[in-house]
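Student: Return atomic coordinates for the entry below.
(chains A and B)
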Amino acid sequence: MLRTLISQELLSLMMSARFLAAVVITLLLVVANTVVLIDEHENRVASYSQQEKVHREKAVAAETYSRLELFVERPPNPLSLFSAGLDKRLGTTVEIYHGDVPLISSISARNLGNPYLNLFSQIDLVSIFQVVLSLLALLFAYDAIAGDWESGTLRLVISHPVRRGSILFGKYIAAMICLLLPVLMSLLMVLILCSLASSIQFSTTDLLRIGGIVWTTIVYLSLFYLIGLLISTTTRRTATSLMLCMFLWVGLVLVYPNWSRFTINPVGDMRAERQSASQQIEQIWEEADREEQRFLAKSPLEGDPPRFNIGYSGSSSSSGRRYGFNMMKVNEASEPSVPHFQNYQAFIGTTYIRLAEKAALIREQRLARTDIRQATWDKRLMKFSPASLYTFATSAWAGTDLKGMLDFSRATQGYRQMLIDYLRDKDAFASRQWFASDQGAVDWWDLPQFRFERAEVWENAQRALADVSLLFLMNLILFIVTFLIFIKVEV
Amino acid sequence: MIGHIVKREFFDHLNSLRFALTTLILTALMVTNAVVHLQSHPDKVRRYSENITADQNKLQSRTELYELLKEGPGKLYKQPSALTFIADGGDAFLPNRGTTNWGSWSRSTGFGGGSNVNVRSIWSLDYPTANPNARDLRPKATKIDWVFIITYLLSFIPLLFTFDALSGERESGTLRLCLANPISRPALLVGKFLGTLITVLIPFVFAVLLNLAVISLDSWTQLGIADWGRLGMILLIASGYASIFIAVGLMVSASTRDSRVSLVVLLIVWVALVVFMPSTLGTLATKSMSPVQTAHQRKMARSSALDQINDDFNKQMANKQEAQSPTAGLLNQLQELAKTSPEAAKKFAKENEAELRSAMAQLESQEVGPVELRIRAELVNKDVEIREQLNREHLRAQLAQVQRARMVTRFSPAAIVQYALESMTGTGLNRHLQFLEGVDIHIRQFRNFITETDRADTESLHIIGVPDGMSKKPISPQALPRFEDKITFSDTFNAAIVDMLLLILLLGVFLSGAFLVFIRSDV
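Tutor: Here you go, the predicted structure:
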């Protein structure tokens, strides 16, 4: 009996104009955007490899240890095709050196391209499903019960020995199949286009992630269908049901996600927060200066400060410090002070490493209190809309969410540690090659390489789990409520 | 007769659920917009005036003409529009400053080493960029401004009011009844059109008035007469946009027999046209264009052009020095050698040490004459010229790309109305272009001022670009040209006129389309 209901319902949905129109527009949008997105991804990959080459050349060109300029690049995520998240927006380049701990705020955007093009907002594939297919789900649902009511078919069907539950269930299954079809068709399209482009290769784990995205899409669409079904069962007229559905859709999908972020300001005074943090960091570096003075006071060399006869060139930012030297030749006058200078540099190196880590703690706290707090609050508020929940869940699957970016910044921190270990292994801070290249330039053959692996699939799944299960829970509640109302209602 | 139909239409809608929902959603959005504006706008205005005074003070503290030339006219700030709540215009992505100052260099022309710097670069115009995205960890969101409300809701709501205007009546049979009376079809259509327009505009105007009432609580936003004029134009544009979608709705409604089909067609068209077209077409259009130069390419192009003038400079200096003293030739020889092989240069230096030293001493003791000053000034000025030309070309390429992308997105009425509103408000790209134009004019004035002041001083050598060649007289800060960025009604109107004409054209097309379809259709 159920099967008859489903197949009959399926047929009527598939033959309808709404299905045809929605499928056509979805496929058109998906194809047009995929072409653009693949092209963009190709550009990003090209720029990534070019930048990486430039960075490597720059690093190897350093003649002394202190002159090492080490940059790492964030590889573009192929799944940003589906969910762009932060992947395309955030910068890609991070500088690594011992006197500074790279945080997510130290990622800088060097290769901008044309910044004016940011005026056009970016579209990813998920946002097409989010807008078009949720609309289709509501269009399927708004007259599912109310329409049958008006035309009297509902009474006719119920007069047969059919349980009310199976009527509802039959409609639900049929609509879900109809909604799934455009999703799968466009997925197929995307995969074909990607394999033609050959620049994007999805690994097996990526395919699993895509599977996760599709699954989330199904849960999301089912939620919208159930919302429509609930409205359809509670209102007796299709016209009312339609209006409620449409306004709810505009509210949930278009208005609320943009509206919510302006309602609460969880951070308070951002500038004051920043100022107090930078004051604290300044104090740390003042401490560094004092320690340096104390060290120099004990130096057996003359002068105040003791003269090493060796030129300085340094750079310091609010977050970190370093000095770079390259003495092509140490002259006779300065030769006696070289051992002392080595001592001094060894001291400075360890002090800067220690204090940079201390400063990083403050910077991390500041970030947690300002930018990250704001982002998490935005997310919390936006979660009242299923459309935003869907965006968050998919970006978690794709690894383009904030956590994915934090993964990258953690990797850069690990790389800094590797660099420090490498320098310590070579005893570089206390070596003559730290500042002078007169006895040969540094050979960088065993400099550790930076590698960034995205999180494992199960890690992605875990991150998406909260949002997906919230969507799932809403589904369940809505289904039960609709079911109860439909059973009780008079026909 | 038309009046009667309009009245009936209007009262019909007034009682409907959609009217209530429309009023609710429009009011909520407009109030949010006003409240957000109240929170953020004072800060913007305060920062602007702070920036301006800080910049002015800095500029006034420069009393010497050369210093003025070297440091430039300071940062020139864009005045925030008082009407930013109407159209944000992606202002975050458009820099609020007109100039940056960086990449200054200095070099010594003698052979004595870096201690005596003889030539110093002066300020050159460069355009800053803004990319707040790179630091923004928040989820993506569009600002709720009037543009958002108008482009999305004033298109969506008319469709919801019109999808069943004709097809619904046809289904229920009232259309036949209506036309059985002595009413012409055009009159019926016009009645329906006007009735719906009034129904849509009433909640909109109500929400707008509420919005303005909340905003007028704020003492930071002071609206002048010109601003009210612009507001009126903006309301006109908004109602034109709504009428386009009413016409589209009537057209589709007249051509279908089933109101459900008409709704689906309209919604799908709407999603494509309003939600996706503006961005998809924009990115599609940029894909087909040649990309702008990357930072690396720009650097290479600039350094090759600058190397050229450096070589010229070195040659001229060498010639001049050789002409002045015979021993200078040795120095030049040394320099030539050092370029090709350092070993030979070392040998050469050891062999002729005494002569070289004396030549150097001679050169250093020499007074710098006007001839040499001219050569130096030429280097400095050419450097500025090349940098500015490259910067301008780069900016032009970037803007051309955006302009073309915008041209293509005008396929969607939502994009047209967005651009029209932005231009009318005084935000967005058109405003930015006007601002850049103002910056260019100001800089020309600024340079003219320096030349004129220098010319007025009889003691000066009139060699602009080097400190010794210019007037040393202190300048009065009042005489300096001031940069004032103003938004005028005529500017905004001129920028918006193309888009407004396009809107009128679209309205005409769709209205006549609706007429034709309805007149030819069976009842």
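
Student: give me every residue that touches the nearest residue to A:Arg369 once chain neighbours are set aside.
Tutor: Of all residues not flanking A:Arg369 in the chain, A:Glu273 sits nearest, at 5.9 Å (CB to CB, 6 or more residues apart in numbering or on different chains). C-beta coordinates here come from the backbone N, C-alpha and C atoms, glycine included. Residues near A:Glu273 by CB atoms under 8 Å, 6 or more residues apart in numbering or on different chains: A:267, A:366, A:369-370.

Student: residue contacts, A:His98?
Tutor: A:322, A:349, A:352-353, A:356, A:416, A:419-420, A:423.

Student: re earlier: give me the distance between the residue nearest to A:Arg369 and chain B.
Tutor: Relative to chain B, A:Glu273 is positioned 15 Å away (CB to the nearest CB, to the nearest Å).

Student: hang on, the earlier thing: from the contacts of A:Glu273, which has minimum pLDDT?
Tutor: Note: of those, the lowest pLDDT belongs to A:Val267, at 75.

Student: Residues of the stretch 201-350 of chain A that sit close to chain B?
Tutor: When proximity is defined as CB under 8 Å from any CB of the partner chain, the stretch 201-350 of chain A approaches chain B at A:239-240, A:242-244, A:246-247, A:250-251, A:254-255, A:257-259, A:261-263, A:265.

Student: Which member of the contacts of A:His98 is positioned nearest A:Ser166?
Tutor: A:Arg416 (62.0 Å; CB to CB).

Student: and the closest one, helix, strand or coil?
Tutor: Reduced to three states with DSSP: H, G, I helix; E, B strand; the rest coil, the structure at A:Arg416 is helix.

Student: Grab the nearest non-local neighbour of the residue of the stretch 1-150 of chain B found nearest chain A.
Tutor: Using CB to the nearest CB, B:Ala134 is the residue of the stretch 1-150 of chain B that sits closest to chain A, at 3.7 Å. Nearest non-adjacent residue to B:Ala134, counting by CB to CB, 6+ apart: A:Ala109, 3.7 Å away.

Student: Next up, the contacts around B:Trp146.
Tutor: Contacts of B:Trp146 (CB under 8 Å, 6+ apart): B:33, B:85-87, B:234, B:238, B:421.

Student: So which of the contacts of A:His98 belong to helices?
Tutor: A:349, A:352-353, A:356, A:416, A:419-420, A:423 (DSSP state H).

Student: Who wins on neighbours among the residues you listed?
Tutor: A:Arg416 (26 neighbours; other CB atoms under 10 Å in any protein chain shown).

Student: From A:Tyr352, how far out is it?
Tutor: 12 Å (CB to CB, to the nearest Å).

Student: Wait, B:Ile234 touches B:Thr425, no?
Tutor: Yes - between B:Ile234 and B:Thr425 there is a contact under CB atoms under 8 Å: 7.1 Å.

Student: How many residues are close by A:Ser66?
Tutor: 26.

Student: same thing with B:Gly240?
Tutor: 18.

Student: Can you confirm whether the helix or strand harbouring it lies near chain A?
Tutor: Using DSSP states H and E, B:Gly240 sits within helix B:225-255. No - judged by CB under 8 Å from any CB, helix B:225-255 stays clear of chain A, getting no closer than 11.8 Å.

Student: what about that helix, average pLDDT?
Tutor: On average, helix B:225-255 scores 92.

Student: Which strands and helices lie in contact with it?
Tutor: helix B:154-162, helix B:167-172, helix B:185-215, helix B:259-270, helix B:413-425, helix B:489-520 (3 or more CB pairs under 8 Å, 6 or more residues apart in numbering or on different chains; DSSP states H and E).

Student: and that helix, how far from the chain's centre?
Tutor: Centre-to-centre, helix B:225-255 and its host chain are 25 Å apart (CA atoms, centre = their mean, to the nearest Å).

Student: what's the angle from it to helix B:413-425?
Tutor: 170 degrees (axes from the mean of the first three to the mean of the last three CA atoms, to 10 degrees).

Student: circling back: only whichever of the contacts of B:Trp146 are buried, select them in ChimeraX.
Tutor: Buried residues among the contacts of B:Trp146 (16 or more other CB atoms under 10 Å in any protein chain shown), as a ChimeraX selection:
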select /B:33,85,86,87,234,238,421
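
Student: now, among the contacts of B:Trp146, which is nearest to A:Ala464?
Tutor: B:Asn33 (33.3 Å).

Student: pretty sure B:Ala496 contacts B:Thr427?
Tutor: No - the pair B:Ala496 / B:Thr427 is not scored as a contact, 11.7 Å apart, by CB under 8 Å.

Student: and the residues of the stretch 201-350 of chain A next to chain B, which of them are in helices?
Tutor: Using DSSP H, those in helices are A:239-240, A:242-244, A:246-247, A:257-259.

Student: who wins for most neighbours among those?
Tutor: Counting neighbours by other CB under 10 Å, A:Leu242 comes out on top of those with 28 neighbours.

Student: Any stretches of the stretch 51-200 of chain B with poor pLDDT?
Tutor: B:98-117 (pLDDT under 70).

Student: where exactly do the helices run in the stretch 1-150 of chain A?
Tutor: A:2-14, A:17-60, A:125-128, A:134-141, A:146-151 (DSSP state H, counting those that start in this stretch).

Student: export the helix or strand containing A:Gln413 as CSV, just CAs?
Tutor: Using DSSP H and E, A:Gln413 sits in helix A:402-425. Output of helix A:402-425 as CSV, limited to C-alpha atoms (Å, rounded to 0.1, in the frame of the first residue of the first chain):
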residue,chain,number,x,y,z
LEU,A,402,37.5,28.3,11.4
LYS,A,403,38.7,25.1,13.0
GLY,A,404,40.3,24.1,9.7
MET,A,405,42.1,27.4,9.6
LEU,A,406,43.2,27.0,13.2
ASP,A,407,44.6,23.6,12.2
PHE,A,408,46.8,25.4,9.7
SER,A,409,48.0,27.9,12.2
ARG,A,410,48.8,25.1,14.6
ALA,A,411,50.8,23.4,11.8
THR,A,412,52.8,26.6,11.3
GLN,A,413,53.5,26.8,15.0
GLY,A,414,54.7,23.2,14.9
TYR,A,415,57.0,24.2,12.0
ARG,A,416,58.4,27.1,14.0
GLN,A,417,59.2,24.6,16.7
MET,A,418,60.9,22.4,14.1
LEU,A,419,62.9,25.4,12.9
ILE,A,420,64.0,26.1,16.5
ASP,A,421,65.0,22.5,17.0
TYR,A,422,66.9,22.6,13.8
LEU,A,423,68.8,25.7,14.8
ARG,A,424,69.5,24.3,18.2
ASP,A,425,70.8,21.1,16.7
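
Student: Let me know how buried the residue of the stretch 151-300 of chain B found nearest chain A is, in neighbour terms.
Tutor: Closest to chain A within the stretch 151-300 of chain B is B:Gly282: 3.5 Å, counting by CB to the nearest CB. Each residue near B:Gly282 was counted by other CB under 10 Å, and the total is 26.

Student: The one 10 residues further on too?
Tutor: Using other CB under 10 Å, B:Val292 has 23 neighbouring residues.

Student: and it, helix, strand or coil?
Tutor: Per three-state DSSP, B:Val292 ends up coil.

Student: residues contacting it?
Tutor: The neighbours of B:Val292, taking CB under 8 Å, 6+ apart as the test, are A:113-114, B:394, B:397-398, B:401.

Student: A:Asn118 too?
Tutor: B:90, B:93, B:131, B:133.

Student: Name the nearest of those relative to B:Leu65.
Tutor: B:Asn131 (36.4 Å).

Student: Settle this for me: the closest one is touching A:Asn114, isn't it.
Tutor: No - counting by CB under 8 Å, B:Asn131 stays clear of A:Asn114, with 10.4 Å between them.
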